[in-house]
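Peer 1: Starting from these lines, generate the structure:
(chains A and B)
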Amino acid sequence: MNIDAMRTFGTDETVDVVVVGTGAGGAPLTAELARKGLSVVAIEAGRHFALDDLTPDETAAVEINWMSERLSGGDDPTAFGPNNSGRGVGGSMLHWGAFTPRPDRRDLALRTETGEGRDWPVDPEELLAYVERVEGDIGVSGPSPYPWDPSRRYAYAPATRNAPANLVAKGCDALGVRWADAPAAVLTRARLQDHHGERGACVNCGECHQGCRTDAKASTANTYLPAAVAAGAEIRAEAMVHAIELDARGHVEAVVYRQHGVDVRQRCRSLVLAGGGVETPRLLLHTGLANANGQVGRNFLAHGATQVWGRFDEPVRGHRGYPSSLISEDMMRPADADFAGGYLVQSLGVMPLTFSTTLVRGGGLWGPELMQKLDQARFMAGIGINAECLPSDDNRLELVDETDEFGIPRARVSFTAGANEKAIDAHATAFMLRVMEAAGARETTVLARTAHTIGTCRMSADPSDGVVDADGRSHEIPNLWICDNSVFPSAIAANPALTIMALSLRTADRFLSSAA
Amino acid sequence: MPVTLFLLHALGSSAREFSRLRDLLDGTVDVHGVDLPGFGALASASDSSLDATVDHVIDHLARHARGRWMLGGHSMGGKIAGLVASRVLRGEAPLVGLAGMVLMAPSPPRPEPMDEERRERMLSWVADGPISDQDAETFLTQNTAEPLDDAAHADAVADLRRTSPAAWRAWLETGSRVDASAEVGTLDLPVLVLAGTDDADLGAAAQPGLLSSVYPRARFVPLDDTGHLIPLERAPEASEAIARFVTDEVLLGPVVPDDWAALIAGDRVDARVRGILNLRAVPDDRGYAPAVLDLAQLTLLREIADLVVPQDGPAIDIAARVDAQLARGEGDGWRNADLPPDPEAYRAGLDTLAAVWPTDPAAREDVLRAAIEGTADAEGPLDPARVKLWLEDARNDLVRQWLAHPASMARLGYDGFATGGRPMRGYVELRLGRREEWEPAGVGGTVETGDAA
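Peer 2: Now for the predicted structure:
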């Protein structure tokens, strides 16, 4: 991203808005507010990455991940780092998988439907209108029409189906399960992105999670952030916010961040936190703000993301091509469900180190058995899910005494799958095994995992059981807003980034109308 | 197949100065001398600058270096070898397989310490053309502890006399004075440094001060009653030291197969990735001193590693690599809340297991299995549940260190690192059972040929 001509603000100025975080939550709102003429400074803990800075090497590529340690507890501790946590200008969108199913209307009103979970205090139609805007802004490829939503159209043809996708398709066909090419924020033809320049078409390198080196994959660094800078916003990178200062009325008047070892205070009229489901609640718990009702950090949610790998006779070599190029939404509400909600299904290709970690952690393997599976990896195709997760008071983020490199207490996240999560997982595992066997797998391996960091500052109509209201504004501090996946009242089965960006645009509009 | 040692000669010499080493090491090390521009058979080359010389060596290596190889040099050649090696380990040369260095009375990357009067006197030898017989004799007398045998003497005189005066001047006036320490940086690979006790500025006493910061693994071997012309003066002693060094420090760990090495060296792989892979393929330090663990803990971790990631052939010291990773403070971004920070967890976990670890290798697997399953029968700093959690992390770290090595990637048939170049190239063929022509055959599948391809 070119920031040579970026407007900058003095720290003695009081800017209209400080946004903490430049990922899916922070960037669309930053662009939108700057476009409306507000002075906006977006503060980012990580650094800028040029395309040439990115590397396909999995070990080295963790430089785009949030690697400062987080503690994970509960019966089903969730993995952070490369699994779900980004750091850098662009946030987690530098490493995200670009899988962009739209949020399902039914998931947003799960309580009404099933009596379980939570309804979102958001009109689904309104949210979906923002989703379509985001798709236009970032460029999404996918099948037209879309089998589960025949009126839907995608601007770009789907990514090329890779070997795992073709095998999963074969299995689905045999079982009568509908499948389609996956919607993905990956360009299949070049595009001139406003304020950024040409983004190339996908070259099928398969290294989305290591950071896209052709700009084919959308991130905020090649979409909303250049637009924000063009509209006069400033991005301040390598700056870690660790304090929030209030005025006599109890309103935010400044943030303090550490940049290159120096503490800097930036005054602001409003503050938007967009650090994601871990960093946003960590900052609030550390500063002790917006938490009179004790809701900050509660209801941490992680998608069930179990995988089944099948071994085939011929080399699959699923590291080639867009990793998740097939989707099925047939399991969003399976007829034989004994649970609330449902799950999305995708085909899986994988990079070797990621796969080995899943074999060790999710499969418990070691020794000859581990080496054999690694030797067979090239013959394996995967199928995976993204499953609904219901909020639970037991699953929460807290601070521990141990501090990070900035002196901020580290986060401890406890997660234990509940009865509903276990029921979904059992159903999904059986389903995935059937698909892979129908596809002709000689042998199958089930690998448990969870994905995404959601919840912890949930949105609620009732001020007593959430952190922000339906607009994203703090129940307690009127000029404090939160705009990231921490506000999700429930996980919803769709992978979160598209929904986060839609919420970000919506929050920007709500912010503007509240100020008007 | 013997490992190849490419050697770069000294000022006024040629590849011929290594012929005695070549004969003595025959069958153990394949010594391959390289003439540098302005010297030996290349006396008529026009550009003898340091940059042109480095480029010449890289071109030569690209044509001849295969499998596992070493690079070295004598005096002037030592500085050039350092520059070439740094380019190789940064991935900025189309080369793969560098496994060690052999330096003889090397000129260091920093400006060579040299008496200015001596420099002027040597420059005066080429003021009116090539070096005379008499000046050649003077040079040999000044640079040897004892007279050379007749054949060596005759070769050395002939090489001095055919040296291009421009090349002689280029080194004395410029090459030897260039400060290349920043460019060379620190090169962490096996290095043998031979130096004479009767040599002056580049002698045995001076070398550790000149090179320790450049080559942290350098093994310094002094040669008694030896001047500056080691390959001519002490070929038998030098070849013995080289053979020992190669066995002890270079022939370790797996070798990247030739077709994979060619892929890594080629233009589908970006320099940074090539550099990363080249560094990982450097042989492990057999004398590795652990930074986070103590020696007993490291030994136990090595024994655990043998069970968790059994390696069939020459092994990577993945336990040492995990210790180095811990020392760099690198983890995977999280840990189980019941465990202390990684270094502490490793020490505590290993100390706990040590109490019940069998001396009989055959009995170890059962003990490890119990520990992995959370039923370790050990009382120590960690309870069995925590030993299990720590071992999950340790198993993960160990397998990731193994898999990061390019030879492991080759074994798994993973060539996704070769998706670079300008414009960047990914995969065209994504189908089951197919591969592309540029991919090593070992990845499996067939190449589609004919009209449909």
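Peer 1: in chain B, which spans are strands?
Peer 2: B:3-8, B:29-34, B:69-74, B:98-104, B:191-196, B:218-223, B:334-336, B:434-435, B:446-447 (DSSP state E).
Peer 1: Minimum distance to residue B:249: which of these has it?
Peer 2: strand B:98-104 (6.4 Å; CB to CB). All C-beta atoms are positioned from the backbone trio N, CA, C, and that covers glycine.
Peer 1: Now do the buried residues in that closest one.
Peer 2: By 16 or more other CB atoms under 10 Å in any protein chain shown, the buried positions in strand B:98-104 come out as B:98, B:99, B:100, B:101, B:102, B:103, B:104.
Peer 1: so it versus strand B:29-34, what angle?
Peer 2: Going by axes from the mean of the first three to the mean of the last three CA atoms, to 10 degrees, strand B:98-104 is angled at 70 degrees with respect to strand B:29-34.
Peer 1: ok, residues contacting strand B:98-104?
Peer 2: B:3, B:5, B:7, B:68-75, B:78, B:81-82, B:85, B:88-89, B:187, B:189-195, B:211, B:215, B:218, B:230-231, B:238, B:242, B:245-246, B:249-250, B:278, B:281-283 (CB atoms under 8 Å, 6 or more residues apart in numbering or on different chains).
Peer 1: Comparing the strands of chain B, which yields the minimum mean pLDDT?
Peer 2: For the strands of chain B, mean pLDDT drops lowest on strand B:446-447, to a mean of 94.
Peer 1: Check whether that one comes near chain A.
Peer 2: No: using CB under 8 Å from any CB of the partner chain, we find that strand B:446-447 stays clear of chain A, coming within 9.4 Å at best.
Peer 1: ok, back up a step: including distance to residue B:267, could the strands of chain B go into CSV?
Peer 2: CSV is the format used below for the strands of chain B (distance: least, CB to CB, whole Å):
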stretch, distance to residue B:267
strand B:3-8, 23
strand B:29-34, 24
strand B:69-74, 21
strand B:98-104, 19
strand B:191-196, 29
strand B:218-223, 33
strand B:334-336, 38
strand B:434-435, 19
strand B:446-447, 20
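Peer 1: helix, strand or coil for residue A:243?
Peer 2: Assigned with DSSP: H, G, I helix; E, B strand; the rest coil, residue A:243 falls in the strand class.
Peer 1: chain center to stretch A:108-120, what's the gap?
Peer 2: 22 Å (CA atoms, centre = their mean, to the nearest Å).
Peer 1: and the end-to-end length of it?
Peer 2: End-to-end distance for stretch A:108-120: 5 Å, by CA to CA, to the nearest Å.
Peer 1: Quick check: mean pLDDT of it?
Peer 2: pLDDT averaged over stretch A:108-120 gives 97.
Peer 1: who's in contact with it?
Peer 2: A:106, A:122, A:124, A:127, A:340-341, A:388, A:390-391, A:420, A:458-459, A:488-490, A:492.
Peer 1: Now the two most distant members of these.
Peer 2: Maximum distance among these (CB to CB): 23.0 Å, for A:127 and A:420.
Peer 1: Now whichever residue of the stretch 301-450 of chain B sits closest to chain A, what are its backbone angles?
Peer 2: Closest residue of the stretch 301-450 of chain B to chain A, CB to the nearest CB: residue B:333 (2.2 Å). Here is the backbone geometry of residue B:333 (degrees, to the nearest 10): phi 90, psi 0.
Peer 1: so who does it touch?
Peer 2: Residue B:333 is in contact with A:62, A:65-70, A:79-83, A:85, counting by CB under 8 Å, 6+ apart.
Peer 1: What of residue A:198?
Peer 2: A:190, A:191, A:192, A:215.
Peer 1: next one: residue B:27
Peer 2: Contacts of residue B:27 were listed using CB under 8 Å, 6+ apart, and they are residue B:2.
Peer 1: how near is it to chain A?
Peer 2: Distance of residue B:27 to chain A, computed by CB to the nearest CB, to the nearest Å: 35 Å.
Peer 1: For that residue, give me the pLDDT.
Peer 2: Per the predicted model, pLDDT is 94 at residue B:27.
Peer 1: What parts of the stretch 51-200 of chain A come near chain B?
Peer 2: A:55-60, A:62, A:65-73, A:77, A:79-83, A:85, A:160-163, A:166-167, A:200.
Peer 1: let's see 6 Å
Peer 2: A:55-57, A:59-60, A:67, A:69-73, A:77, A:79-81, A:160, A:162-163 (CB under 6 Å from any CB of the partner chain).
Peer 1: Report how many residues lie close to the residue nearest to residue A:305 when sequence neighbours are not counted.
Peer 2: Excluding its sequence neighbours, the residue lying closest to residue A:305 (CB to CB, 6 or more residues apart in numbering or on different chains) is residue A:451, at 3.9 Å. Residues near residue A:451, counting by other CB atoms under 10 Å in any protein chain shown, number 21.
Peer 1: show me what contacts residue A:451?
Peer 2: By CB atoms under 6 Å, 6 or more residues apart in numbering or on different chains, the residues touching residue A:451 are A:84, A:303, A:305.
Peer 1: ok, 8 Å please
Peer 2: Contacts for residue A:451 (CB under 8 Å, 6+ apart) come out as A:83, A:84, A:302, A:303, A:305, A:386.
Peer 1: So it lies in a helix, does it not?
Peer 2: No: counting by three-state DSSP, residue A:451 falls outside a helix, being strand.
Peer 1: Give the bridge partners for it, please.
Peer 2: Residue A:451 forms beta bridges with residue A:303, as assigned by DSSP bridges.
Peer 1: And for residue A:235?
Peer 2: Beta-bridge partners, per DSSP bridges, of residue A:235: residue A:42.
Peer 1: okay, now the residue of the stretch 1-150 of chain B found nearest chain A: neighbour count?
Peer 2: At 10.9 Å from chain A, residue B:91 is the closest residue in the stretch 1-150 of chain B, using CB to the nearest CB. A count of nearby residues for residue B:91, using other CB under 10 Å, gives 22.
Peer 1: What separation do you get for it and residue B:297?
Peer 2: 33 Å (CB to CB, to the nearest Å).
Peer 1: and if you look at residue A:87?
Peer 2: Following CB to CB, the distance that separates residue A:87 from residue B:297 is 31 Å.
Peer 1: These two: who's more crowded?
Peer 2: residue A:87 (25 against 21).
Peer 1: Write out the residues of the stretch 351-500 of chain A neighbouring chain B.
Peer 2: Residues of the stretch 351-500 of chain A lying near chain B (CB under 8 Å from any CB): A:351-353, A:356-357, A:359-361, A:364, A:366-368, A:370-371, A:374-375, A:377-379, A:400, A:402, A:412, A:414.
Peer 1: Any of the residues you listed buried? List them.
Peer 2: Buried members of those, scored by 16+ other CB under 10 Å, are A:351-353, A:356-357, A:359-361, A:366-367, A:370-371, A:374, A:377-379, A:412, A:414.
Peer 1: Please list all residues in contact with residue B:242.
Peer 2: B:5, B:21, B:25, B:29, B:102, B:192.
Peer 1: And it, how far from chain A?
Peer 2: Distance, residue B:242 to chain A, by CB to the nearest CB: 33 Å.
Peer 1: who does the longest strand belonging to chain A touch, helix- and strand-wise?
Peer 2: With secondary structure taken from DSSP E, chain A has its longest strand at strand A:262-273. Judged by 3 or more CB pairs under 8 Å, 6 or more residues apart in numbering or on different chains; DSSP states H and E, strand A:262-273 is in contact with strand A:14-20, strand A:40-43, strand A:239-246, strand A:252-259, helix A:276-287, strand A:480-482, helix A:497-515.
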